[in-house]
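Q: Let me see the structure of the following:
(chains A and B)
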Amino acid sequence: EPEVTQTPSHQVTQMGQEVILRCVPISNHLYFYWYRQILGQKVEFLVSFYNNEISEKSEIFDDQFSVERPDGSNFTLKIRSTKLEDSAMYFCASFSLAGGGGSDTQYFGPGTRLTVL
Amino acid sequence: KNEVEQSPQNLTAQEGEFITINCSYSVGISALHWLQQHPGGGIVSLFMLSSGKKKHGRLIATINIQEKHSSLHITASHPRDSAVYICAVSHMYSGGGADGLTFGKGTHLIIQP
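A: Numbering: from 1, shown residues only, chains lettered A, B, ... in the order given. From the prediction side, this is the model:
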């Protein structure tokens, strides 16, 4: 069963520091997403990415956030200057249309728990 | 912006009971997703449906597009079904692909032996 992987599983950082969260989507998927879940709250959409560019972003995804697909396999989320309120679980997901051999659903990675001190 | 509401927020039941979790949304969608989140945090997709009904093992999901409502049923519930069940909705782009999901707050389900 193909799976989405994420590294690291936990990241602790100081406020103001830059962090990069990494994801390896399922190899034949074309659409990629980042979500976050603050402890005790619902999952929130951050950004979607297709054809090497952002296709949609939420109000949360401000100038402090950026995404990249640097090498055709990794998909990264960078937070330039972390704030206390960025502490959350960050999930990567990938998706492919059923015609590509997969099912029409998003596959989620296990998440990266980010703690900002 | 779509609002996704789930009920109940918390549900405790005895092993073997038939479970129903409800989801309603405010704006027309392309697809509705039911997801399962375990205490460790991982999210697993259970169903994606745009009409009718789907069944997988003891899980059944239905959707009524006109009423903007979906239900997730679990038959013969078991303690291992204990998890958070999340409803989420999406829109498809005209050229294919899907935008980001809009999530409900989830239903905390506990099945007692």
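Q: any low-confidence regions in chain B?
A: Low-confidence segments of chain B, defined by pLDDT under 70: B:92-98.
Q: now do chain A
A: Along chain A, the model assigns pLDDT under 70 to residues A:97-104.
Q: if I look at B:Leu46, how far off is A:Glu68?
A: Separation of B:Leu46 from A:Glu68 (C-beta to C-beta, to the nearest Å): 31 Å. To be clear about C-beta, it is placed using only N, CA and C from the backbone, and glycine gets the same treatment.
Q: between these two, which one's more packed in?
A: B:Leu46 (17 against 13; other C-beta atoms under 10 Å in any protein chain shown).
Q: Now do the contacts for the more buried one.
A: B:33-36, B:56, B:59, B:61, B:72, B:85 (C-beta atoms under 8 Å, 6 or more residues apart in numbering or on different chains).
Q: Wasn't it part of a strand?
A: Yes: read with DSSP: H, G, I helix; E, B strand; the rest coil, B:Leu46 is one of the residues of a strand.
Q: on contacts alone, who are the packing partners of the helix or strand hosting B:Gln36?
A: Using DSSP states H and E, B:Gln36 sits within strand B:31-37. Packing partners of strand B:31-37 (3 or more C-beta pairs under 8 Å, 6 or more residues apart in numbering or on different chains; DSSP states H and E): strand B:19-25, strand B:43-49, strand B:59-64, strand B:69-74, strand B:83-90.
Q: So what touches that strand?
A: A:104-106, A:108, B:23, B:25, B:43-50, B:59, B:61, B:63, B:70, B:72, B:83-90, B:92, B:98, B:101, B:106.
Q: repeat that with 6 Å
A: Applying C-beta atoms under 6 Å, 6 or more residues apart in numbering or on different chains, the contact partners of strand B:31-37 are B:43-50, B:61, B:63, B:70, B:72, B:83-86, B:88-90.
Q: One more: stretch A:72-86?
A: Contacts to stretch A:72-86, defined as C-beta under 6 Å, 6+ apart, come from residues A:13, A:15-25, A:32, A:34, A:64-69, A:116.
Q: again, only this time at 7 Å
A: Contacts with stretch A:72-86, where a contact means C-beta atoms under 7 Å, 6 or more residues apart in numbering or on different chains, come from A:13, A:15-25, A:32, A:34, A:49, A:64-70, A:90, A:92, A:114, A:116.
Q: Now the buried members of those.
A: Taking 16 or more other C-beta atoms under 10 Å in any protein chain shown as the criterion, what is buried in the contacts of stretch A:72-86 is A:13, A:19, A:21-25, A:32, A:34, A:49, A:65, A:67, A:69, A:90, A:92, A:114, A:116.
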